[in-house]
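Asker: model the structure of this input:
(4 chains)
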Number of protein chains: 2
Amino acid sequence: MDITPVTRSAVSDVVFGQLVAEILSGRLTPGDALPGERELAERFEVNRHAVREALKRVQQAGLVRISQGGKTRVLDWRGHAGLDTLSQLAAAGALTPLEILRDISEMRRSVAADAARLCAERASDDQIGIVLAAAQAYPIDSSAIADTFAPDLDFWTAVIEGSGNIAYRLGLNTLVAGFTEIGWQTVVDLGLGEEYVDRDAHQHLARLIADRDADGAQRLAADLLGRTVARIAAHL
Amino acid sequence: MDITPVTRSAVSDVVFGQLVAEILSGRLTPGDALPGERELAERFEVNRHAVREALKRVQQAGLVRISQGGKTRVLDWRGHAGLDTLSQLAAAGALTPLEILRDISEMRRSVAADAARLCAERASDDQIGIVLAAAQAYPIDSSAIADTFAPDLDFWTAVIEGSGNIAYRLGLNTLVAGFTEIGWQTVVDLGLGEEYVDRDAHQHLARLIADRDADGAQRLAADLLGRTVARIAAHL
DNA sequence: TCCAGGTAACTGGTCCAACCAGTTGACCTC
DNA sequence: GAGGTCAACTGGTTGGACCAGTTACCTGGA
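Answerer: Predicted structure coming up:
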């Protein structure tokens, strides 16, 4: 049997999720006015406070504009939502998992390639050491693809830390969150795991970075991650 | 005189801002337990609901882990916060505005360059038309640099829309938000406006995209935005 | 007829107070 | 000392009241 920890989600989380889904799915279009908090509370059969907590978060996500006295109106999420909304897009079904997967991998490609370049240019010796160690920790056997996700993430985290770019660091977190939302299983099912088992390529990349070969590191990183992009594109 | 609309910020927003600042500034370190909601409410001199609304948002930002029955603990924001937290970093003073500006412009460079390539490869004719129009709308005179931000944003938004990558689209929103948080004035003061007045380069880029010259578009975009990166780096 | 002004009925914002539901640790028993 | 028990925390949820803006309608005077 496959026992999973019980997840009891808070009421406001459920309300939040439903509101976000309504907006991202297009059932609520920009400019639409949401029902009042009191009515929402009645319809969701929860207390108004829970609705308020949820609405505040929807606002923070950039999906609605709340104004005291006036009605809460839906915003155009393409123009107002932040990258963190990416992981909600899959859940809301606004895009297919494959589309989101492609976009994530494309962004990962350009960001990680640039991070590899920057890492080679300006990482401290300590940071380079971590990159080399992460490359060493890369698994050798290709049998259990799912188990290579963690080492792979460690490796790229080290590279991005070495780049010293905090936007890349935070962006990585967001992309991973979106990736997780889709589920690793989908990735495995699509046979997209090849990149994760190319231990030689990652070790080579680490060596290029350690040698301060910025151009070479960027090229190799772009090539390495580009394979995944191409493989996903083939499925679309 | 310079009249500014009165901004009345909600109580929970203030609490949210203070909590985020405490964490991002490092005054609260990962693993630390926050005071209980009741105590926070007492110290902020607000109702507990306001504290709860704020805490829920801090959790959504990935800065704390809330668990019923247990205490709310601070997370390592470098490893858990999403890109949307970027704009808070400036306000919290965790990094200098110049550092954040550099990181934003670096990310913009690699994302926009890739978007230019993708746009040339797969944008629809309608989308290409919008890019060309946005390039046409680029201002000619270089006197009022601040007025060129909007057309510049329109241009790159068109390019990214043409790329069809939703992650890039949302990422742009987040980067612009971070940029706005720092303030355009800082940018102008640093003399970083040159890129925004290079009308010829943007028109050239639009033409390359329209001609479906993916490599050329990527190169020019990277070069164009790379100038700003270099100019900021010179200040560090 | 038209429009300025007021007003009533909304909207979201804040607060108080109570109770439910998990977690933790001290304490008591065996 | 090992184990179980329970009280005292923690966050989660609810109800209701009231404050504070916005909106639309309605009225009375020009």
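Asker: show me what contacts the residue nearest the centre of chain A?
Answerer: In chain A, the centroid-proximal residue (Cα atoms, centre = their mean) is residue A:175; its distance is 1.9 Å. Residues near residue A:175 by Cβ atoms under 8 Å, 6 or more residues apart in numbering or on different chains: A:86, A:104, A:107, A:108, A:111, B:167. Heads up, the C-betas are built off the backbone N, CA and C, glycines and all.
Asker: in helices only, show me the residues you listed.
Answerer: Mapping those onto helices (DSSP state H) picks out A:86, A:104, A:107, A:108, A:111, B:167.
Asker: farthest pair within the residues you listed?
Answerer: A:86 and A:111 (13.4 Å; Cβ to Cβ).
Asker: could you export the helix or strand hosting residue A:178 as CSV, CA atoms only?
Answerer: Using DSSP states H and E, residue A:178 falls within helix A:166-182. The C-alpha trace of helix A:166-182 is given here as CSV (Å, rounded to 0.1, in the frame of the first residue of the first chain):
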residue,chain,number,x,y,z
ILE,A,166,19.3,36.8,-6.3
ALA,A,167,16.7,37.1,-9.0
TYR,A,168,17.9,33.8,-10.5
ARG,A,169,17.9,32.2,-7.1
LEU,A,170,14.3,33.2,-6.3
GLY,A,171,13.3,32.4,-9.8
LEU,A,172,14.7,28.9,-9.5
ASN,A,173,12.5,28.4,-6.4
THR,A,174,9.4,29.5,-8.3
LEU,A,175,10.2,27.3,-11.3
VAL,A,176,10.8,24.3,-9.1
ALA,A,177,7.4,25.0,-7.4
GLY,A,178,5.7,25.0,-10.7
PHE,A,179,7.5,21.9,-11.7
THR,A,180,6.4,20.2,-8.5
GLU,A,181,2.8,21.2,-9.1
ILE,A,182,2.8,19.4,-12.4
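Asker: the residue most distant from the middle of chain A, which is it?
Answerer: Relative to the mean C-alpha coordinate of chain A, counting by Cα atoms, centre = their mean, the farthest residue is residue A:69 (36.1 Å).
Asker: following the chain onward from the lowest-mean-pLDDT helix or strand in chain A, which element is next?
Answerer: The weakest-scoring helix or strand in chain A, judged by mean pLDDT, DSSP states H and E, is helix A:184-189 (a mean of 79). Using DSSP H and E, the next helix or strand after helix A:184-189 towards the C-terminus is helix A:199-210.
Asker: list the buried residues of that following helix.
Answerer: A:199, A:201, A:202, A:204, A:205, A:206, A:207, A:208, A:209, A:210 (16 or more other Cβ atoms under 10 Å in any protein chain shown).
Asker: does the next helix or strand after that helix reach chain B?
Answerer: Next in sequence after helix A:199-210, counting helices and strands by DSSP H and E, comes helix A:214-233. No: using Cβ under 8 Å from any Cβ of the partner chain, helix A:214-233 stays clear of chain B, coming no nearer than 9.5 Å.
Asker: any idea how far the residue in chain A that DNA strand D sits nearest to lies from residue B:16?
Answerer: Residue of chain A nearest DNA strand D, by Cβ to the nearest atom of the strand: residue A:69 (2.3 Å). Using Cβ to Cβ, to the nearest Å, residue A:69 is found at 21 Å from residue B:16.
Asker: do the same with residue A:116
Answerer: For residue A:116, the distance to residue B:16 - Cβ to Cβ - is 36 Å.
Asker: what does residue A:160 give?
Answerer: 27 Å.
Asker: check residue A:165 too.
Answerer: Between residue A:165 and residue B:16 the distance is 26 Å, computed by Cβ to Cβ.
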